[in-house]
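Chemist: How does the following fold in three dimensions:
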Amino acid sequence: MNIKIGAKIKALRKRDDITQERLAEVLGVTSQAISKWESESGYPDIEYMTPIANFFNVTIDYLFDHDTAEKRRKIEEYCEQYDAHYREWKPFQERIDMMRKALAEFPGEEKLLVRLATALWYKWCDQSMEHGSGEWINGKWVHNFEKCKSFIIWEEAAKIFEELLATSIDDSIRSECRHLLAYIYGGIGEKEKVLALAEKCPDCKYETLVWALNDRYDDAEMYQQRLAIGAISSLRKHFIAVAEKTKDLDIKIEALNKVIDLYKFYFSDGNCGFYHVFIDGLYSMCAEALVRQNKFDEAFEALENTYYHVKQFDIYLDKIRKEGKFQYTSPFLNLSPDYANEIHAVKQLPEFLNRQLKDEYDIFYKNLRDDPRYIALINKIEAEI
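Modeler: Sure thing, here's the model as predicted:
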């Protein structure tokens with residue numbers, strides 16, 4: 001019980017000009033009980049706390065704490081001290097001791113708990129590395145899950161992270177808990193728990209898997225590859241958004257070509273599979289911008305590249321629907337995913353012909369329609385479909 005609660009009641013009673021007898025009557029106790037509370041020779045039972053708070057129109061927090069605002073200030077001060085220690089990379093145990101002291105004063109505070117668990121996590125990682133959590137076997141680093149598990153400080157960290165995930169509504173705290181908890185699970189050999197956590201954060205699923213599984217598991221490389229190609233595709237979306245907003249066509253074309261070059265580098269063997277559909281879209285946007293600049297020769301080159309990748313995508317689509325899988329051969333992406341049923345797409349060549357090249361309302365290519373090269377491209381596509 002807060003030893004200042006009697007003083008609080010006395011101060012509130014005097015504030016409202018309430019006698020001990022009147023307060024005792026309201027609460028159904030004796031005036032002697034009120035006197036004991038105020039002299040701090042006794043404390044009210046917990047059942048009286050809500051009636052007392054309601055009577056004086058204050059919160060229960062106010063009765064138990066010196067001041068709610070003061071409490072928040074102290075908690076923030078502890079957090080700032082911890083963060084300063086973190087930035088300066090002070091010893092892990094100092095951070096742990098600091099948060100244990102803070103939590104003794106403010107039990108259950110999420111901001112303090114997540115910092116304690118994070119400090120425990122860092123210490124566990126340090127112990128694992130210092131004392132050897134793996135060894136080189138046949139040219140490959142193999143983690144020793146039992147060794148990692150033997151440094152039991154991870155147990156307290158994991159318990160805190162798990163409890164915060166179950167109770168916290170703070171997105172930043174939950175994200176931090178998932179991230180570090182996944183790493184703990186990966187380090188002690190609980191791969192299924194890592195996968196389950198990753199499924200709950202689709203926006204950073206592969207990032208979580210790569211970071212948590214690292215080189216501990218045979219299929220970690222697969223997640224690294226998916227993360228890399230996903231990063232390129234995210235960059236594509238960002239560059240397209242920027243390119244669409246700019247009025248400078250040169251900048252737009254340069255931005256689109258930068259992403260095209262990145263795809264070309266990643267798929268240096270030209271075996272782009274599904275990603276042909278992204279590349280053809282980039283070339284198509286380049287062609288439109290070049291037409292606006294009356295650079296017709298370059299526009300035709302971009303259209304020819306659009307046609308090439310559209311056609312390659314259709315070939316890919318036929319292959320994966322016939323065989324059920326597709327083997328990438330890039331040095332950076334050697335996956336053979338079995339995901340035929342997940343590809344929801346139609347042939348792109350008819351779309352390219354009818355929606356772009358032959359659309360009577362398409363303002364981008366109106367100046368090209370009488371050009372023999374444009375007519376030849378249309379004829380070639382019509383012959384193929």
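
Chemist: got the contact list for Ser161?
Modeler: Heads up, residue 161 is Phe, not Ser. Val114, Ala117, Cys177, Arg178, Leu180, Leu181, Ile184 (Cβ atoms under 8 Å, 6 or more residues apart in numbering). In short, each C-beta sits where N, CA and C put it, glycine included.

Chemist: Adding pLDDT, distance to His276 and secondary structure, write those residues out as TSV.
Modeler: Shown next, in TSV, are the contacts of Phe161 (pLDDT from 0 to 100; distance: Cβ to Cβ, whole Å; DSSP: H, G, I helix; E, B strand; the rest coil):
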residue	pLDDT	distance to His276	secondary structure
Val114	96	44	helix
Ala117	97	45	helix
Cys177	92	39	helix
Arg178	88	34	helix
Leu180	90	38	helix
Leu181	90	38	helix
Ile184	90	40	helix
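
Chemist: So which of the residues you listed is the closest to Lys147?
Modeler: Ile184 (14.1 Å; Cβ to Cβ).

Chemist: what about the closest one, how many neighbours?
Modeler: Applying other Cβ atoms under 10 Å, we find 25 residues neighbouring Ile184.

Chemist: quick one on the thing from earlier: quickly name whichever of the contacts of Phe161 is closest to Glu301.
Modeler: Looking across the contacts of Phe161 and measuring by Cβ to Cβ, the closest to Glu301 is Arg178, at 46.9 Å.

Chemist: contacting residues for the closest one?
Modeler: Counted by Cβ under 8 Å, 6+ apart, Arg178 has contacts Phe161, Leu165, Leu197, Lys200, Cys201, Thr208.

Chemist: One more: Glu351?
Modeler: Each residue near Glu351 by Cβ under 8 Å, 6+ apart is listed here: Val310.

Chemist: tell me the secondary structure for it?
Modeler: When classified by DSSP: H, G, I helix; E, B strand; the rest coil, Glu351 comes out as helix.

Chemist: Can you tell me how far it is from Ala299?
Modeler: To Ala299, Glu351 is 19 Å away according to Cβ to Cβ, to the nearest Å.

Chemist: Do a quick rundown of the strands in the protein.
Modeler: All strands of the chain, identified by DSSP state E, fall at 134-137, 140-143.

Chemist: Tyr62 and Ile9 touch, don't they?
Modeler: No - using Cβ atoms under 8 Å, Tyr62 is not in contact with Ile9, being 11.1 Å away.

Chemist: Compare these two (neighbour count), which wins?
Modeler: Each of Tyr62 and Ile9 had its neighbours counted (other Cβ under 10 Å), and the higher figure belongs to Ile9 (22 against 16).

Chemist: thought that one was touching Trp37?
Modeler: Yes - here Ile9 reaches Trp37: they are 5.7 Å apart, a contact under Cβ under 8 Å.

Chemist: what sits in contact with each of the two?
Modeler: Joint contacts of Ile9 and Trp37 (Cβ under 8 Å, 6+ apart) are Pro44.

Chemist: Quick check: Leu357 touching Ile378?
Modeler: Yes - between Leu357 and Ile378 there is a contact at 5.5 Å, judged by Cβ under 8 Å.

Chemist: about what we covered before: the contacts of Phe161 into CSV, with extra columns for distance to Glu156?
Modeler: Converted to CSV, these look like this (distance: Cβ to Cβ, whole Å):
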residue, distance to Glu156
Val114, 13
Ala117, 8
Cys177, 14
Arg178, 18
Leu180, 13
Leu181, 12
Ile184, 11
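
Chemist: any idea which of these is closest to Arg22?
Modeler: Nearest member of the contacts of Phe161 to Arg22, counting by Cβ to Cβ, is Val114, at 45.7 Å.

Chemist: Next up, the contacts around the closest one.
Modeler: Listed by Cβ under 8 Å, 6+ apart, the contact partners of Val114 are Ile160, Phe161, Leu164, Ile173, Glu176, Cys177.

Chemist: measure the second one to Leu377 for me?
Modeler: Spatial separation of Phe161 from Leu377 under the definition Cβ to Cβ is 58 Å.

Chemist: what does the fourth one give?
Modeler: Counting by Cβ to Cβ, the separation of Ile173 from Leu377 is 56 Å.

Chemist: Quick check: buried residues in the longest helix belonging to the chain?
Modeler: Assignment by DSSP state H gives helix 296-323 as the longest helix of the chain. Going by neighbour count (16 or more other Cβ atoms under 10 Å), the buried part of helix 296-323 is 299-303, 305-307, 309-314, 316-317, 320.

Chemist: circling back to that earlier point, between Leu357 and Ile378, which one's more packed in?
Modeler: Leu357 (20 against 14).

Chemist: Contact partners for the more buried one?
Modeler: Leu357 makes contacts with Tyr365, Tyr374, Leu377, Ile378, Ile381, as judged by Cβ under 8 Å, 6+ apart.

Chemist: wait, isn't the third one in contact with Asn305?
Modeler: To tie it back to what came earlier, the one meant is Leu377. No - look at Leu377 against Asn305 with Cβ under 8 Å: they stay out of range, at 11.6 Å.

Chemist: which residues do the two both contact?
Modeler: Common neighbours of Leu377 and Asn305 (Cβ under 8 Å, 6+ apart) do not exist.

Chemist: Just want to check the distance between the residue nearest to Phe296 when sequence neighbours are not counted and Asp297.
Modeler: Nearest-residue entry for Phe296: Leu368, 6.6 Å, with adjacent residues in sequence omitted and distances by Cβ to Cβ, 6 or more residues apart in numbering. Separation of Leu368 from Asp297 (Cβ to Cβ) stands at 11 Å.

Chemist: Kindly report the same for Glu80.
Modeler: Glu80 sits 62 Å away from Asp297, going by Cβ to Cβ.

Chemist: And the contacts of stretch 83-96?
Modeler: With contact meaning Cβ under 8 Å, 6+ apart, stretch 83-96 is reached by Tyr82, Met98, Arg115, Leu116, Ala119, Leu120, Tyr122, Lys123, Asp126.
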